[in-house]
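# coords please:
(one chain, ligands or ions: 3)
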Amino acid sequence: MLVTLDDGKAVRIRGNPEHPFTRGFLCHKVTRYLERVYHPGRLQFPLRRIGPRGAGQFERISWETALDEIATRFQQIAASPEGPQAILPYSYCGTMGRIQGESLDRRFFHRLGASQLDRTICATAGVVGYTYTMGARIGTAPEAFGESRYIINWGSNTAVTNMHLWVHMHEARKRGAKIVTIDPYRCRTAERSDWHLMPRVGTDAALALGMMHVILRDGLADEDYLRDHTVGAEALRERVAKEYTLDRVSRITGLPAGDIERLAQEYATQSPAAIRVNYGLQRHYGGGMAIRTITCLPAVIGSWRHHAGGVLLSTSSLFPLNNAALQRPDLSPPGTRIVNMNQLAEALHGELPGPPVKAIYVYNSNPAAVAPDQRRVIAGLKRDDLFVVVHEQFQTDTADYADIVLPATTQLEHFDLHTAYGHHFVQVNEPAIAPLAEARCNTQVFRELAERLGFERELFSPSDADLARVALWETEPDRCPELLRGITLGRLIAEGPVRLNLAERFTPFANGKFPTPSGKCELYSERMARAGLDPLPTYTPPAESMDSAPELAARFPLQLISPPSPHFLNSTFVEVDSLREAAGAPEVEIHPHDAEPRGIADGAMVAVFNDRGRFEAVARVGATVRPGVTVAPSIWWSKFTQDRANANCTTNTRLSDLGGGATFFDNLVEVELITR
Ligand SMILES: Nc1nc2c(c(=O)[nH]1)N[C@H]1C(S)=C(S)[C@@H](COP(=O)(O)OP(=O)(O)OC[C@H]3O[C@@H](n4cnc5c(=O)[nH]c(N)nc54)[C@H](O)[C@@H]3O)O[C@H]1N2
Ligand SMILES: Nc1nc2c(c(=O)[nH]1)N[C@H]1C(S)=C(S)[C@@H](COP(=O)(O)OP(=O)(O)OC[C@H]3O[C@@H](n4cnc5c(=O)[nH]c(N)nc54)[C@H](O)[C@@H]3O)O[C@H]1N2
Ligand SMILES: [Mo]
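Ligands and ions are numbered 1, 2, ... in the order given. Next comes the predicted model:
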């Protein structure tokens, strides 16, 4: 981003036209970033709760007082019989900068001996699933999509959630490519695609296996690639021939057999074909296996041979920063408890092994809005004996439950080092303006807390720039991986974004050489067999569906998906009035087939509920969803809704099959008209 200053004030923000990947485009939300920075609701000073918890009554205190109080409480808890593991850090992606997001915070909590947080709320099901097949999360270069002939957006609302990639897809289309979207919801990406398939929720693995059935049956596979660069092709061939017949796959997915056939045939013959597989289809019980299975497709048709073939999940693991030196996981005592962040409700109610949680320190996250099973999360945050610290830019739903609120800087006010999960550039964020009011950045707060707790100075005194140099291996140059060689902080400051040392036309698996134990694409995975999992690609049904939970479905017959609204970034930007107005009100999209028998007309107020909880929304009746599916664009702040509840009142804390991921979209509900 380029920021224009006038007398020390940021007056204009725009994308850097020289950025090779973003080419100067900012998304709809980030173009309004100055509205966040100078928002009258920005937290200015540290606050201490004076009213009942959750009532939002606070008094201003000094930083000294706030930090002393936090340090004292942490010391008391650490010295108590429960010990330091009774302290839980809670953070996710408020900023994804590697310094403000995961550096001194990690060191601090490791050194303290606090519980560790397993950061699973977004991507871990896919990480594990993808890695079983591929060995590492390495895939198609995002810019290569511009040269593909056939593009599948699979559980990916690319036009909204990844608009820079969408630009490349659009270019491919101008050159004659076909864009297909597989999504039970007619999201904006589906609307703008050449072909939209609407499978039943959580059945994607079955669809992929059905495609393999057709491809192998019709002799459309790349037999040479299968022979030379994969393990288990014969076992897979047998499985899909017998178990994933078109009939069966059509029954599971709810798609006509002819569509499955056509998709498979087009995908296998319109070369190069590339798949963008993303997060939507991971948020189901079988999400890990779904990613593992879909990821086998490019090897079956040999599309890895092409720069513009293959599949892309994330580019994040291509950035080999020196995390061991940056985060110092070695400081955490062996055997320290690990809390899965999706199970915050359980953690706060003392239902996990280990000591009860006596203190929670929240930063870079808004769990009262984004975590599943919201009612229980909030009941937990209300516990009288819990000490809650929230470091935030705004008085979020979570900050309402804090004992101490600390004001945080924004991206314009602090230094950071950025890697990416959608491109290949490393970049540095230099502060454009001084911190507003008394805001402090995350690292600064951990430095000051560490000092109060008497932690080693050398661990916490490095500046943010020093930390960036550590991350970039400047302190251990001999061990610097090839990908980052020569990428120094000095160079990033002088040159702007620098691409990883990758071949210009990155084609990672043209000649196989997968980073798996066998060196091949593992259609059959010995590691999965050893872990007690099905070693072959398979379909794992959702936990909550008509077929897998018929009794539950009799009471709650509709599947609810709550993906991010185009106007919000998870729960960030909900505070920006112009974006909240653009979003209107909490809505739920429902098919006429489901709306009519419930007496629900377009625009009616409805309640969406299950045994976990309930929220209200305006009904949008239309064929934008599959019958039986409802969609509630998210993630609203409860305090901006009329019933102080959002979609996460209904979501559950069940973990996905692989990686302990979240299952937000594996969620049966009922919808009823509110009659007043
Ligand atoms: N129902 C449902 N729930 C979901 C999802 C969904 O699709 N549906 N999506 C899930 C996904 S994919 C994700 S990634 C998570 C995201 O969940 P979170 O990581 O909690 O992300 P945000 O909601 O954006 O909240 C981040 C908070 O960090 C604050 N922040 C930003 N920068 C800084 C900083 O420098 N310092 C500090 N201290 N704070 C900062 C912001 O003001 C914001 O309130 O939500 C998950 N929850
Ligand atoms: N504007 C905007 N952009 C964002 C974000 C944001 O909040 N706002 N969040 C960022 C973050 S943290 C993340 S993780 C990514 C998420 O980005 P995406 O991966 O695009 O995630 P979603 O939008 O949650 O889901 C994508 C699509 O999957 C569909 N889907 C749900 N269940 C299924 C299923 O069972 N099968 C199939 N085939 N499709 C299904 C949903 O209907 C949705 O349209 O976006 C990032 N970009
Ligand atoms: Mo995410």
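# Which single residue in this protein comes nearest to ligand 1?
Closest residue of the chain to ligand 1, CB to the nearest ligand atom: Gly94 (2.2 Å). Quick note: C-beta positions are derived from backbone N, CA and C, even for glycine.
# How about the contacts made by that residue?
101, 363-366, 393, 408, 572 (CB atoms under 8 Å, 6 or more residues apart in numbering).
# any idea how far it lies from Glu171?
Between Gly94 and Glu171 the computed distance is 32 Å (CB to CB, to the nearest Å).
# Then Arg262?
Separation of Arg262 from Glu171 (CB to CB): 25 Å.
# same check, this time on Phe74
Following CB to CB, the distance that separates Phe74 from Glu171 is 52 Å.
# gap between the two ends of stretch 240-251?
End-to-end distance of stretch 240-251 (CA to CA, to the nearest Å): 15 Å.
# And the average pLDDT for it is what?
For stretch 240-251, mean pLDDT rounds to 98.
# What residues of it count as buried?
Buried residues in stretch 240-251, counted by 16 or more other CB atoms under 10 Å: 240, 244-246, 248-250.
# what comes up buried for the lengthiest strand in the chain?
Criterion DSSP state E: the longest strand present in the chain is strand 613-621. By 16+ other CB under 10 Å, the buried positions in strand 613-621 come out as 613-617, 619-621.
# for stretch 528-546, same thing?
Those would be 528, 533, 535-546, for stretch 528-546 by 16+ other CB under 10 Å.
# That stretch and ligand 2, are they touching?
No - on the criterion CB under 6 Å from any ligand atom, stretch 528-546 is out of touch with ligand 2, staying 7.5 Å away.
# just to revisit the earlier point, just the residues contacting the longest strand of the chain, thanks.
Strand 613-621 has contacts (CB under 8 Å, 6+ apart) with 373-375, 584-592, 595, 600-609, 632, 641-643, 645-647, 649-650, 671, 674.
# Helix or strand next in line after that strand, which one?
strand 629-631 (DSSP states H and E).
# Does that next one reach ligand 1?
No - counting by CB under 6 Å from any ligand atom, ligand 1 has no neighbours in strand 629-631; the shortest distance is 10.7 Å.
# who in the protein is up against ligand 2?
Residues of the chain lying near ligand 2 (CB under 6 Å from any ligand atom): 93, 122, 154-157, 160-161, 182-185, 187, 201-202, 204, 278-281, 284, 561, 563-564, 566, 568-570, 665.
# Return the subset of these lying in strands.
Judged by DSSP E, strands contain the following of the residues of the chain next to ligand 2: 154, 182, 561.
# Tabulate those residues (TSV), appending distance to ligand 1.
Converted to TSV, these look like this (distance: CB to the nearest ligand atom, whole Å):
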residue	distance to ligand 1
Trp154	16
Ile182	18
Ile561	8
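# can you put these in TSV and add pLDDT and neighbour count?
Listed next are those as TSV, based on pLDDT from 0 to 100; neighbours: other CB atoms under 10 Å:
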residue	pLDDT	neighbour count
Trp154	98	24
Ile182	98	27
Ile561	98	26
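# quick one: the helices in the stretch 301-450 of the chain?
Applying DSSP state H, counting those that start in this stretch to the stretch 301-450 of the chain gives helices spanning 323-327, 344-348, 367-370, 374-381, 442-452.
# if you compare those, which one is most tucked away?
Highest mean neighbour count among the helices of the stretch 301-450 of the chain (mean count of other CB atoms under 10 Å): helix 367-370, with a mean of 27.
# So which other helices or strands are in contact with that helix?
Applying 3 or more CB pairs under 8 Å, 6 or more residues apart in numbering; DSSP states H and E, we find helix 367-370 packed against helix 374-381.
# now the helix it packs on against strand 613-621, angle please.
Here helix 374-381 runs at 150 degrees with respect to strand 613-621, directions being taken by axes from the mean of the first three to the mean of the last three CA atoms, to 10 degrees.
# For the residue in the chain positioned nearest to ligand 2, list the residues it contacts.
Nearest residue of the chain to ligand 2 (CB to the nearest ligand atom) works out as Gly280 at 1.8 Å. When contacts are counted by CB under 8 Å, 6+ apart, Gly280 touches 155-157, 183, 561, 563, 665.
# Kindly indicate which of the residues you listed lies nearest Arg383.
Phe665 (29.1 Å; CB to CB).
# quick one: contacts for the closest one?
Listed by CB under 8 Å, 6+ apart, the contact set of Phe665 reads 201-202, 280, 283-284, 559-563.
# how close does the closest residue in space to it that isn't next to it in sequence get to His39?
Spatial nearest neighbour of Phe665, excluding adjacent residues (CB to CB, 6 or more residues apart in numbering): Arg283 at 4.1 Å. According to CB to CB, Arg283 stands 30 Å off from His39.
# More neighbours: these two, which one.
More neighbours surround Arg283 than the other of Arg283 and His39, with 28 against 16 (other CB atoms under 10 Å).
# ok, the more buried one - contacts?
Here Arg283 is in contact with 125, 656, 661-666 (criterion: CB under 8 Å, 6+ apart).
# For the most centrally placed residue in the chain, give its distance to Lys513.
Centroid check for the chain by CA atoms, centre = their mean gives Cys122 as the closest residue, at 3.2 Å. As judged by CB to CB, Cys122 and Lys513 stand 29 Å apart.
# And Asn501, by the same measure?
Using CB to CB, one gets 17 Å for the distance from Asn501 to Lys513.
# Also Lys639?
From Lys639 over to Lys513 (counting by CB to CB), the distance is 52 Å.
# Neighbour count: the two, which is higher?
Neighbours were counted for Lys639 and for Lys513 using other CB under 10 Å; Lys639 has more, 16 against 13.
# Excluding chain neighbours, what is closest to the more buried one?
The shortest distance from Lys639 to any non-neighbouring residue, by CB to CB, 6+ apart, is to Asp397 (5.8 Å).
# Give the full set of residues in contact with that neighbour.
Applying CB under 8 Å, 6+ apart, we find Asp397 in contact with 366, 368-369, 571, 637-639.
# hang on, isn't Pro320 packed against Leu483?
Yes - assessed by CB atoms under 8 Å, Pro320 is found in contact with Leu483 at 5.8 Å.
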